[in-house]
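# no sequence on this one, just coordinates:
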């Protein structure tokens, strides 16, 4: 009786070993992005370094904002001046209309007063638009994290000058914190059994992650050591563990 139990156990173990298939792949970052300033200026502050993890809205880097503050102050003054001139034009038009009604002002002079008010209104609109523009530029002298991220590299130094329209190197290279993707070459016989959006266990050492199958690249990979054609399958997962690009992982199918 004991011999039969051992035999059954051995048969089960061998069959599991035969049908378990293991495939290896590599990690890479899910959402790699390059951040930059939308304007020209000189770098005055850098608040992060490669490897730092920051929260959405945190300050990453700053351009010297003094020239933009000066322009903003001048623009605010122009708005106040334009508002004053427009009020004067409104008062003048009211008086002109009264004088026209009494017959002491010509139609041409009345039209001049109306035209002057229209000019002052246009000047005020232009001044307010300029004020909004400089408020936008001043705000964008500060480069903030658009989402929770990890800094991969910092390309600029304090004192560097950047000209936006000629930028070729991004200020920062970043990735979404905790978002990873895995690429694993799998044989067609396995790929046919997979479903997009389904979760599968990805192993890295003794750690296991539940990863969602994101997509499968339909381009066939040339496999010199395997007669069966393979395709790249891409899996996405989130974790608080800090991983790096190029780390080895594996997936096992029974």
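On my side now, so go ahead. In this text, all values refer to a predicted model and were calculated from it rather than measured experimentally.
# do I have it right that residue 155 meets residue 174?
No - using CB atoms under 8 Å as the test, residue 155 is too far from residue 174 to be in contact (11.5 Å). Just so you know, the C-beta spots here come from the backbone N, C-alpha and C atoms, and that holds for glycine as well.
# of these two, who's got more company?
Taking neighbours as other CB atoms under 10 Å, residue 155 and residue 174 compare with residue 174 leading, 26 against 13.
# distance from the chain centre to the helix or strand harbouring that one, please.
Applying DSSP states H and E as the criterion places residue 174 in strand 172-176. Centre-to-centre, strand 172-176 and its host chain are 8 Å apart (CA atoms, centre = their mean, to the nearest Å).
# just stretch 82-90 next, same as before
Worked out by CA atoms, centre = their mean, stretch 82-90 lies 44 Å from the chain centre.
# please apply the same query to stretch 77-85.
The chain centre lies 38 Å from the centre of stretch 77-85; the measure is CA atoms, centre = their mean.
# return the set of buried residues in that stretch.
78, 79, 82, 85 (16 or more other CB atoms under 10 Å).
# contact partners for the last one?
With CB atoms under 8 Å, 6 or more residues apart in numbering as the criterion, the residues that contact residue 85 are 120, 123, 124.
# the helices in the protein, which residues?
Secondary structure of the chain (DSSP state H): helices located at 2-19, 66-101, 107-139, 188-191.
# so what touches the last one?
Outside of helix 188-191, the residues within contact range by CB under 8 Å, 6+ apart are 21, 23, 216, 228, 229, 230, 231, 233, 253.
# mutual contacts of residue 155 and residue 174, please.
Common contacts of residue 155 and residue 174 (CB under 8 Å, 6+ apart): none found.
# for the contacts of helix 188-191, which one is nearest residue 30?
Of all the contacts of helix 188-191, residue 233 has the smallest distance to residue 30: 15.0 Å, by CB to CB.
# so who does the closest one touch?
Residue 233 touches 183, 184, 185, 186, 191, 194, 213, 216, 217, counting by CB under 8 Å, 6+ apart.
# wait, doesn't the third one sit right on residue 26?
Just to be clear, that refers to residue 185. No - under the criterion of CB under 8 Å, residue 185 makes no contact with residue 26, lying 10.1 Å away.
# of these two, who's got more company?
Shown here are residue 185 and residue 26; by other CB under 10 Å, residue 185 has more neighbours (16 against 13).
# just the pLDDT for that one.
Listed pLDDT for residue 185 reads 92.
# is the nearest residue to it once chain neighbours are set aside bridged to anything, and to what?
Spatial nearest neighbour of residue 185, excluding adjacent residues (CB to CB, 6 or more residues apart in numbering): residue 230 at 4.5 Å. Assessed by DSSP bridges, residue 230 has beta-bridge partners residue 187, residue 221.
# wait, what's in contact with residue 75?
127, 130, 131, 133, 134.
# what of residue 170?
Residues near residue 170 by CB under 8 Å, 6+ apart: 34, 35, 36, 155.
# which one of these sits closest to residue 100?
Using CB to CB, residue 36 comes nearest to residue 100 of the contacts of residue 170, at 58.0 Å.
# and that closest one, how many neighbours?
Per other CB under 10 Å, the neighbour tally for residue 36 reads 16.
# does it touch residue 171 like I think?
Yes - using CB under 8 Å, residue 36 makes contact with residue 171 at a distance of 5.0 Å.
# got any residues that touch both of these two?
In contact with both residue 36 and residue 171: residue 143, using CB under 8 Å, 6+ apart.
# find the residue at the geometric middle of this structure.
Geometric centre of the chain, nearest residue: residue 146, 5.7 Å, by CA atoms, centre = their mean.
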